[in-house]
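1. Sequence unavailable; structure follows:
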Ligand SMILES: Nc1ncnc2c1ncn2[C@@H]1O[C@H](COP(=O)(O)OP(=O)(O)OP(=O)(O)O)[C@@H](O)[C@H]1O
């Protein structure tokens, strides 16, 4: 099976502290991999290094078979990678409807995936808030908007940093049920999630980040 993501020897960190230490990672296309780890283990650092927000100091990253080591975020986005960052980054002055329209315009046409009606069915609450500014939404509503926007981009590889934070149980269950379906149909998922039960329920495989590496290793799929 082709690897959506194939990483070897990845090292990254911040001035004076190395966080990732020669990390290997394989995410086969069409699957969900969940990444667990204690606070500060480096889960967000890994997603940032993969999405070009933090420059790795060593290692190789292949995305769907192509060398993507050191690529800038906009190039990775253009190649079909999307990140829903922790803490739901939405654009304060834009309304919910404007967010959805912008994401729909940037969408990679010809790719399968949800459209506006689908995301509003998944998050009916957003449908009631279309004219509202994003910064007036509750935390949970902002999280729904961040997820809706990412889904509308129709990524091939979706990086999710604790996407269930702030969501009510019923919404969490709906998104959790969607992820494996999405992975099979169009978007391989790398999910950072703190809750072991949720990670296990959603993912095909679960791995732990500790001491800058993954345990158990995620496999040896070729690039
Ligand atoms: N911008 C930064 N500058 C310096 N150090 C940072 C920065 N961001 C994170 N760190 C440090 O890097 C380490 C890994 O942080 P990271 O946020 O990746 O962990 P995490 O596993 O995502 O944690 P959490 O579960 O709390 O979100 C921590 O020691 C953190 O303090």
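-> Everything's here; your move. Bear in mind the structure is a predicted one, so any value in this text is a computation, not a measurement.
2. Show me what from the chain comes close to the ligand.
-> Within the chain, the positions adjacent to the ligand are 14, 19, 37, 39, 40, 41, 42, 43, 44, 45 by Cβ under 6 Å from any ligand atom. Using the backbone N, CA and C atoms, a C-beta is placed for each residue, glycine as well.
3. Just to be sure, the fifth one is in a strand?
-> No. With DSSP: H, G, I helix; E, B strand; the rest coil as the criterion, residue 40 is located in coil rather than a strand.
4. so residue 203 touches residue 191, yeah?
-> Yes. Using Cβ atoms under 8 Å, residue 203 is in contact with residue 191, at 6.3 Å.
5. what do those two both touch?
-> Taking Cβ atoms under 8 Å, 6 or more residues apart in numbering as the criterion, residue 203 and residue 191 both touch 32, 33, 34.
6. Now the buried members of those residues.
-> Buried subset of the shared contacts of residue 203 and residue 191 (neighbour count, 16 or more other Cβ atoms under 10 Å): 32, 33, 34.
7. Among these, which ones are in strands?
-> 32, 33, 34 (DSSP state E).
8. which residues touch the last one?
-> When contacts are counted by Cβ under 8 Å, 6+ apart, residue 34 is found next to 191, 192, 193, 199, 200, 202, 203, 205, 206, 207.
9. and if we set it to 7 Å?
-> 191, 193, 199, 202, 203, 206 (Cβ atoms under 7 Å, 6 or more residues apart in numbering).
10. which residues sit in contact with the nearest residue to residue 205 once chain neighbours are set aside?
-> Computed as Cβ to Cβ, 6 or more residues apart in numbering, the closest residue to residue 205 that is not its neighbour in sequence is residue 33, at 5.3 Å. By Cβ under 7 Å, 6+ apart, residue 33 lies in contact with 27, 190, 203, 204, 205, 207, 218.
11. Looking at those, which are in strands?
-> 27, 190, 205, 207.
12. was I right about the last one contacting residue 35?
-> To tie it back to what came earlier, the one meant is residue 207. Yes. Using Cβ atoms under 7 Å, residue 207 makes contact with residue 35 at a distance of 5.9 Å.
13. related to what we said a few turns ago, okay, the ones in strands among the contacts of residue 33 in CSV with pLDDT next?
-> What follows is those, written out as CSV (pLDDT from 0 to 100):
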residue, pLDDT
27, 96
190, 97
205, 94
207, 94
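14. I'd like the residues you listed as CSV, with distance to residue 59 appended.
-> Below are these laid out as CSV (distance: Cβ to Cβ, whole Å):
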residue, distance to residue 59
27, 15
190, 16
205, 21
207, 17
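15. ranking the residues you listed by neighbours, who comes first?
-> Using other Cβ atoms under 10 Å as the neighbour criterion, residue 27 leads these with 27 neighbours.
16. Tell me the spacing between it and the ligand.
-> 18 Å (Cβ to the nearest ligand atom, to the nearest Å).
17. Bridged to that residue, which residues?
-> Bridge pairing for residue 27 (DSSP bridges) gives the partners residue 5.
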